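> sequence and predicted structure are below.
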Amino acid sequence: MDKEWVFDNVKKLLSSMRKISAGTVLLIWALAMIAGIFIYILTSRNKPEKEITLTFATWWDDELEDKTLLKLTTEYEAQNPGITIKLEKLSWDKIQELLEKKDSRDTGKNAQKINPPDIFSIDPYAIYELEKKSLLAELENDKGFTGNAVSIISFINPLYYNIDLLQNAGFDRPPKNQTEFLSYVQRIKETGKFGAGIALNDLRHINQQLLSWIWAAVGNPDTSSSSGFASKEVIGTLNFLNLLYQNLYGNPFELSKAKLLEAFGKGEIGMMIGSIADIKELKRTDINFSITTIPAPVSYTKKPVFPLSVWYAGIYSKSEYQEEAKNFILFLKKKSGEIAAAAYAVPGNGTLNRELSKEDPYYAKAFDMYEAGEMVRESYRSPEITQLNSIIAREVKMMFQGSKTPQECAEAIQQSWENLAGTTPSVQ
């Protein structure tokens, strides 16, 4: 651009400004001030009264597609100016430790290290104890909540089987009942592999890995007419498990769920019970697998039963921001469909998300199984559920070791439970 042309035009602009009257200048100044005040009023209305940071502690990230929670929290922050959601990736043990620390709301220089989260995901078996210790905020009858622990999504737990291992043992379909299951396990073992595995090193897996076999024999415990653990159906199932024990992969009480999944993914085990979320992991392996219902006794005529795992969230009772935390939990509940899709969960958020199954036969089959069966979720409102699982694990271990018969095992569970709770357990 020519420098002389720029210089000439600047001189013309300055000359024209000198011709403006003082009154006009004052008018322009006054209008500018009014416009500034008007803009300030409009923008200040949307300005939050205070900045709030809510800490959300969870281990869900490991089971979700990348950055799912980060995307959701970013969306929430955009809709709620002044609210910041701080994500903390923590195990349940660490979350529980923070919640139960005394003087946890310290404001000193170490506050960030010891403060419990405002919102957190919850181990279902800990919910009753949290309520008993008044660590969960009261949510009943408030903004549509139906309990202090809010369910977000859920997963069924079917039987997984390795198609190639079954075929190598001479079977072209999965076992339909417990008698067939034992036969399959023994034949697979003859080929140099293990027929099945059960992971019982953690009491939190009793429902999925052990009680699921009992429910498959007696039906849904909420509607079953069984008289308890001493019933013939339960004794029959314990006898089945005792026979199965001789051919299992490893020691059930030393085997973790992660190790069981790893061994199945390597083609070392023919069958196992697992979460529907395991499909995503197993599809990354080279094995040829499928899913089916958990086998029941030959005489069973009711609907198939699946243990149901649920993701719960709650609010710390001493959080400074109760209302803000409740609003965020409601947001998570509304977004449960997106969370379910990112977790590859069936049934997910309580509605059948058929989008998940359009391109994938595994999830299409899982939805069909869900519709045809009945679900049993963790009984988190039972005050003695952890003790009952401890009793079951202790007595079953003694049965596996040969010191008790299946009938003696069942009777011992029944009697121990009655001594503890004063009632007959409904097979749960």
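Noted; the coordinates are in hand. It should be emphasised that the depicted structure is a prediction, and the values quoted were computed from it without experimental measurement.
> K259 should be in a helix, yeah?
Yes - per DSSP: H, G, I helix; E, B strand; the rest coil, K259 lies within a helix segment.
> isn't it up against I198?
No - using CB atoms under 8 Å as the test, K259 is too far from I198 to be in contact (11.6 Å). Every residue, glycine included, has its C-beta placed from N, CA and C.
> looking at these two, which is more packed in?
Higher neighbour count among K259 and I198: I198, with 23 against 15, using other CB atoms under 10 Å.
> what sits against the closest residue to the more buried one other than its chain neighbours?
Leaving out its chain neighbours, the residue that sits closest to I198 by CB to CB, 6 or more residues apart in numbering is P252, at 4.4 Å. P252 is in contact with G197, I198, A199, L200, N201, Q209, Y245, F400, counting by CB atoms under 8 Å, 6 or more residues apart in numbering.
> alpha carbons only: can I get the helix or strand harbouring W417 in CSV?
In this structure, W417 sits in helix 406-421 according to DSSP states H and E. In CSV, the C-alpha atoms belonging to helix 406-421 read as follows (Å, rounded to 0.1, in the frame of the first residue of the first chain):
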residue,chain,number,x,y,z
PRO,A,406,-23.8,-80.4,49.6
GLN,A,407,-26.7,-81.0,51.9
GLU,A,408,-24.6,-80.2,55.0
CYS,A,409,-23.4,-77.1,53.2
ALA,A,410,-26.9,-75.9,52.4
GLU,A,411,-28.1,-76.6,56.0
ALA,A,412,-25.2,-74.8,57.4
ILE,A,413,-25.9,-71.7,55.3
GLN,A,414,-29.5,-71.8,56.3
GLN,A,415,-28.8,-72.1,60.0
SER,A,416,-26.0,-69.5,60.0
TRP,A,417,-28.3,-67.1,58.2
GLU,A,418,-31.2,-67.6,60.6
ASN,A,419,-28.8,-67.1,63.6
LEU,A,420,-27.6,-63.9,62.0
ALA,A,421,-30.8,-62.4,60.7
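> and that helix, what does it pack against?
helix 232-245, helix 385-400 (3 or more CB pairs under 8 Å, 6 or more residues apart in numbering; DSSP states H and E).
> could I get the ones you listed as a markdown table with mean neighbour count and distance to S154?
Below are those laid out as a markdown table (neighbours: other CB atoms under 10 Å; distance: least, CB to CB, whole Å):
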| stretch | mean neighbour count | distance to S154 |
| --- | --- | --- |
| helix 232-245 | 20 | 25 |
| helix 385-400 | 19 | 17 |
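> okay if I get these as TSV plus distance to K283 and mean pLDDT?
Below are the helices and strands packed on helix 406-421 laid out as TSV (distance: least, CB to CB, whole Å; pLDDT from 0 to 100):
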stretch	distance to K283	mean pLDDT
helix 232-245	27	95
helix 385-400	31	91
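> so which of the ones you listed is nearest K50?
Closest approach to K50 among the helices and strands packed on helix 406-421 (CB to CB): helix 385-400, 40.6 Å.
> centre of the chain to that closest one, how far?
24 Å (CA atoms, centre = their mean, to the nearest Å).
> all further residue positions should be reported with the first residue as 50.
Understood, numbering begins at 50; the last thing we discussed is helix 434-449.
> before we move on, back to that, closest to N438 out of the contacts of P301?
L249 (10.0 Å).
> how about M320, what does it touch?
By CB under 8 Å, 6+ apart, the contact set of M320 is L208, Y209, Y210, N211, P223, P224, F230, Y233, V234, G244, A245, G246.
> list the contacts of the fourth one.
Which is N211. Taking CB under 8 Å, 6+ apart, one finds F313, G316, I318, G319, M320, I336, N337, F338 in contact with N211.
> go again with 7 Å.
Contact analysis of N211 by CB atoms under 7 Å, 6 or more residues apart in numbering lists G316, G319, I336, N337, F338.
> cool, the last one as well?
If a contact means CB under 7 Å, 6+ apart, then G246 has L297, Y298, G299, L304, L309, A312, F313, I318, M321 as its contacts.
> okay, and for the stretch 200-349 of the chain, where does confidence drop off?
Scanning the stretch 200-349 of the chain with the threshold set as pLDDT under 70 gives 273-276.
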